[in-house]
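Have a look; sequence and predicted model below, questions after that.
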Amino acid sequence: MFRRPLLGLLAGAALAAPAMAQAPAFPTRPITIVVPFAAGGPTDTVTRLVAEAMGRDLGQPVVVENVGGAGGTLGAGRVAAARPDGYTLLLHHIGMGTTPALYRRLPYDPVAGFEPIGMVTEVPMTIVATNRFPATTLAETIAVIRRDREKINLANAGIGAASHLCGLLFQSAIGAPMTTVPYRGTGPAMTDLISGTVDLMCDQTTNTTEQIRGNTIKALAVTTSEPLAALPNVPTAIASGLPGFEITVWHGLYAPRGTPRPIIDRLSLSLQKALTEERLIARFAELGTSPVAQNRATPDYHRQFWMADIAKWRPIIAAAGAYAD
Ligand code: ASP
């Protein structure tokens, strides 16, 4: 590089000049990604890995800010109201598909308030119990719940959280509603599950895999059609007597509405690079997931997927009458 002739450098600069004149330099300062759940949970874990990798590509720090509460709507609302300049982003999950139907009154527009940048990952879930729970299989757990359900607490991260949706599916599949305990995210809920303050939770593998391997909690089932490579000894819910019990939690990156397209495209490119980094892929695999294929980490694919998810959930939520307000 130092030996490159001066003339070559000047020619390179001249070639680059017109492009630089069109697009203002971005980013020139740190970027914040809001996680709409507490620190230490699965969305937080995924976001920190992505943020670190994007920071390497963008040449600026990408910092994570946790704004948990109200099933992810507080954090999402914060980003919808932020300046659309690419410096405040949101990494959210399936809640972006369910919130428009679940919440009929919100101080922001849960669809038009955002520009999708790209999908990130689709994470399997696990049904887990505190070690003190008097059952070790899903079938035994269901029997205990049916017998003693008023004594059993199910943790979640608020209405619209993935843990809430999975918990709803679980309770309706076994026909036994339980007492639910909402947290600002399943990071703090995990602390209470480990200590036995709450009994059960349904959460992404990105929060539960290491706890399961460390035997600090019990794994009852995974919510995929086949067992997971990261948790080979954990049976599927389907094989444990809950036919059709399948749920994965998609995640995507968003900017506020009105963020200029060149900035969205720059961020999407950076996301795509982050998701193909070997070390990110390896860490995701340890946590029981994988990044989406590169063509899905694009604004257009993400928008299409997100809109289809909203359309998928709307009638289900309307039929269940499961509104947050
Ligand atoms: N996994 C949580 C949920 O239930 C959110 C989180 O803490 O990341 O959606």
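Okay, I see it.

Show me what from the stretch 151-300 of the chain comes close to the ligand.
156, 157, 161, 162, 163, 185, 186, 187, 203, 204 (CB under 6 Å from any ligand atom). For the C-beta atoms, the positions are set from N, CA and C on the backbone; glycine is no exception.

how does it look with 8 Å?
156-158, 160-166, 183-187, 189, 202-204, 207, 249 (CB under 8 Å from any ligand atom).

Out of those, which sit inside strands?
The subset of those located in strands under the criterion DSSP state E comprises 156, 202, 203, 204, 249.

Now do the contacts for residue 298.
For residue 298, the contacting residues are 118, 268, 272, by CB atoms under 8 Å, 6 or more residues apart in numbering.

Now for the protein, the helix or strand with the poorest mean pLDDT.
helix 6-22 (a mean of 41; mean pLDDT, DSSP states H and E).

I'd assumed residue 94 was in contact with residue 72.
No - Residue 72 is beyond contact range of residue 94, at 9.6 Å (criterion: CB atoms under 8 Å).

Now for residue 82, how many residues are close by?
The local packing of residue 82 (other CB atoms under 10 Å) involves 17 other residues.

err, residue 221, not the other one
27.

In PDB, list the C-alpha atoms belonging to the helix or strand harbouring it.
Per DSSP states H and E, residue 221 falls inside strand 217-222. These are the backbone C-alpha positions of strand 217-222, laid out as PDB (Å, rounded to 0.1, in the frame of the first residue of the first chain):
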ATOM      1  CA  ILE A 217     -32.500 -25.200  34.000                       C
ATOM      2  CA  LYS A 218     -34.400 -28.200  32.500                       C
ATOM      3  CA  ALA A 219     -35.100 -28.500  28.800                       C
ATOM      4  CA  LEU A 220     -38.500 -30.000  28.100                       C
ATOM      5  CA  ALA A 221     -38.800 -29.600  24.300                       C
ATOM      6  CA  VAL A 222     -37.700 -27.700  21.200                       C
END
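
which of the residues in stretch 128-142 are buried?
128, 129, 130, 133, 135, 138, 141, 142 (16 or more other CB atoms under 10 Å).

Residue 26 - that's part of a helix, no?
No - going by DSSP: H, G, I helix; E, B strand; the rest coil, the assignment for residue 26 is coil, not a helix.

For it, give me its contacts.
86, 262, 263, 266.

Pick out the most distant pair among the buried residues of stretch 128-142.
The largest separation in those, counting by CB to CB, is between 130 and 142 at 16.3 Å.

of residue 72 and residue 94, who's got more company?
Under the neighbour definition other CB under 10 Å, residue 72 and residue 94 were set side by side, and residue 72 has more, 32 against 24.

Roughly how far does the closest residue to that one other than its chain neighbours sit from residue 202?
Using CB to CB, 6 or more residues apart in numbering and skipping the chain neighbours, the partner closest in space to residue 72 is residue 36 (3.8 Å). In this view, residue 36 and residue 202 are 18 Å apart by CB to CB, to the nearest Å.

So for the two, which sits in the more crowded spot?
Remark: of residue 36 and residue 202, residue 36 carries more neighbours, 35 against 29, as counted by other CB under 10 Å.

would residue 65 count as being in a helix?
No - counting by three-state DSSP, residue 65 is not found in a helix; it is strand.

which non-adjacent residue is nearest residue 40?
residue 187 (3.1 Å).

For residue 279, grab the count of nearby residues.
By other CB under 10 Å, the residues close to residue 279 number 10.

And for residue 24?
10.

Pull the contacting residues for it.
Going by CB under 8 Å, 6+ apart, the list of residues near residue 24 is empty.

If we use 10 Å, what do you get?
Applying CB atoms under 10 Å, 6 or more residues apart in numbering, we find residue 24 in contact with 260, 262, 263.

Rebuild those residues as a markdown table, extending it with secondary structure, pLDDT and neighbour count.
Formatted as a markdown table, the contacts of residue 24 follow (DSSP: H, G, I helix; E, B strand; the rest coil; pLDDT from 0 to 100; neighbours: other CB atoms under 10 Å):
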| residue | secondary structure | pLDDT | neighbour count |
| --- | --- | --- | --- |
| 260 | coil | 97 | 16 |
| 262 | helix | 97 | 13 |
| 263 | helix | 97 | 20 |
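
Which one of those residues is nearest to residue 51?
residue 263 (16.7 Å).
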